[in-house]
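> requesting a structural model of the entry that follows:
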Amino acid sequence: MTYEHRIIKHLLDIDAVQIKPDCSFTWTSGIKSPIYCDNRLTMSYPDVRKLITTGFINKLADMKDNIDGISGCATAGIPHAAWLSQQLDLPMSYVRGSAKKHGKQNQIEGVIKPGDNIVVIEDLISTGGSVIETVRAIEAVGANVVKVLAIFSYGLKKAEAAFETVNVPYETLANFDQLIEYLLDEGTITAEEQQDLLSWRDELK
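Residues are numbered from 1 along each chain as shown. Below is the predicted model:
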């Protein structure tokens, strides 16, 4: 079993990812969806979060000497950023969706210095909107986002376009295509349902 399929199996086993080919899930946007993804559940499963941290470390193997810090997207990226930064012995920070309305009105919590090379951690990439705002907040203080890592991605074209606007590479530990491939191999879905699921994803605007 590939590493990606191991991740997918764990996400399915803990119900962090659920699939209903009849599209009976409804996203906040109102979109009828065959998939529901809640990677926050991974916090409660030590074996799963260790596997995720190991995956992130492997993704950074070729650049670890050029990383100055790890930053999590609030809120779901924060715990994974903490576990990763601990393993790599690097400073950790996190970025709020917007600046606080009181106190020092921080958007970034922790220390990010101008010129720092930062890796951003997110739990899920859908359209890429929230993580792009995190990237821009970090760049606004003069630091560089050298990579974005996430647990899972739907593989939407909109996300690809969003990352092109900030010229930042991103990788995920698993994605929608690999999930559908795994479900087909396991006999959970049919070949016809596989095509319907991929068509649903590819037709999203």
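
> hang on, Val120 in a helix?
No: with DSSP: H, G, I helix; E, B strand; the rest coil as the criterion, Val120 is strand rather than part of a helix.

> distance-wise, check the residue lying closest to it once chain neighbours are set aside relative to Ile108.
Closest residue in space to Val120, ignoring its immediate chain neighbours: Val148 at 4.6 Å, by CB to CB, 6 or more residues apart in numbering. Where C-beta positions appear, they are placed from N, C-alpha and C, glycine not excepted. Distance, Val148 to Ile108, using CB to CB, to the nearest Å: 16 Å.

> more neighbours: which of these two?
Between Val148 and Ile108, Val148 has the larger neighbour count (other CB atoms under 10 Å), namely 26 against 18.

> now for the more buried one: which residues touch it?
Going by CB atoms under 8 Å, 6 or more residues apart in numbering, Val148 touches 119-122, 125, 131, 135, 163, 168-171.

> any quick ChimeraX command for the buried ones out of the residues you listed?
Provided next is the ChimeraX selection string for whichever of the contacts of Val148 are buried by 16 or more other CB atoms under 10 Å:
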select :119,120,121,122,125,131,135,163,168,170
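
> TSV for the contacts of Val148, including pLDDT and distance to Asp15?
Putting the contacts of Val148 into TSV (pLDDT from 0 to 100; distance: CB to CB, whole Å) gives the following:
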residue	pLDDT	distance to Asp15
Val119	98	28
Val120	98	26
Ile121	98	22
Glu122	98	20
Ile125	95	20
Val131	96	24
Val135	97	30
Phe163	95	29
Val168	96	31
Pro169	96	30
Tyr170	97	25
Glu171	97	24
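
> Phe25: which of the contacts of Val148 is nearest?
The nearest member of the contacts of Val148 to Phe25, counting by CB to CB, is Ile125 at 17.7 Å.

> checking my notes, the residue nearest to Val120 in a strand, right?
Yes: assessed by three-state DSSP, Val148 belongs to a strand.

> could you check how far Tyr45 is from Glu181?
In terms of CB to CB, Tyr45 sits 23 Å off from Glu181.

> Cys37 too?
If you measure Cys37 against Glu181 using CB to CB, the figure is 17 Å.

> what about the two, which has more around it?
Using other CB under 10 Å, the more surrounded residue of Cys37 and Glu181 is Cys37, with 22 against 17.

> per-residue confidence for Lys64?
At Lys64, the predicted lDDT confidence score is 86.

> pretty sure it sits against Asp89.
No: counting by CB atoms under 8 Å, Lys64 sits too far from Asp89 to count as a contact (10.2 Å).

> who has more neighbours out of the two?
The neighbour count for Lys64 versus Asp89, taken as other CB under 10 Å, is higher for Lys64 (12 against 6).

> look up the closest residue to the more buried one, ignoring the ones flanking it.
Leu88 (6.5 Å).
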